[in-house]
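Participant: no FASTA, just this:
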């Protein structure tokens, strides 16, 4: 995968996913885009709490899944991302695209019709984290389900922007940890 292709996927996620969700919600549920997007809550304290929740969950998950036991199944994904040589700006942009686009689609759209649990499991599955051929990766997926479920339950009381911020910060911390891993591998090679 090239960086250009990754950016195109990011833009599709950022623009097409919300457009689809907002259109369907408008015509089939009578919800206006302004009502769904809750723009007045974007700079609310709950958004800050969302950032914190995503960071905390990412740090915990990063610690658990950096254990050598999970190395085999996680390495392929890490290699793909490391080979792209993403800058901080790339990582922040892609994290925002995923956080905004996927949360509007799944949290506001899909969850509206299918509920929190079905939407959460579906979300993890389409990301490839429930794979019977890679059971260690599936353990990671099962670990992520409570995080995604927590976003589903947070939508009502804490708002969409809590969910967007949590998703974005989770992704960003995971992206940034890959850079740290790359440097550690480099320094191990230099020491030898």
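Facilitator: Sure thing, it's come through. These numbers were taken from a predicted model, which means no experiment stands behind them.

Participant: mind listing the helices for the chain?
Facilitator: Counting by DSSP state H, the chain has helices at residues 3-29, 33-37, 45-65, 71-83, 88-102, 111-126, 135-158, 160-191.

Participant: just want the angle from the fourth one to helix 135-158.
Facilitator: Spelled out, that is helix 71-83. Counting by axes from the mean of the first three to the mean of the last three C-alpha atoms, to 10 degrees, helix 71-83 lies at 70 degrees to helix 135-158.

Participant: what's in contact with helix 71-83?
Facilitator: Contacts with helix 71-83, where a contact means C-beta atoms under 8 Å, 6 or more residues apart in numbering, come from 1, 65, 134, 135, 136, 137, 140, 175, 178, 181, 182. C-beta here means a position set from N, CA and C on the backbone, and glycine is covered the same way.

Participant: the fifth one contacts residue 70, correct?
Facilitator: Okay, so that is residue 136. Yes. Counting by C-beta atoms under 8 Å, residue 70 is a contact partner of residue 136 at 5.2 Å.

Participant: show me the shaky parts of this protein.
Facilitator: Where the chain drops to pLDDT under 70, the residues are 73, 179-192.

Participant: residues touching residue 20, list them.
Facilitator: 105, 109.

Participant: which residues does the nearest residue to residue 100 once chain neighbours are set aside contact?
Facilitator: Spatial nearest neighbour of residue 100, excluding adjacent residues (C-beta to C-beta, 6 or more residues apart in numbering): residue 164 at 5.3 Å. Taking C-beta under 8 Å, 6+ apart, we find residue 164 in contact with 47, 50, 99, 100, 103, 104.

Participant: correct me, but the first one touches residue 162?
Facilitator: Yes. Contact criterion C-beta under 8 Å: residue 47 and residue 162 qualify, at 6.2 Å.
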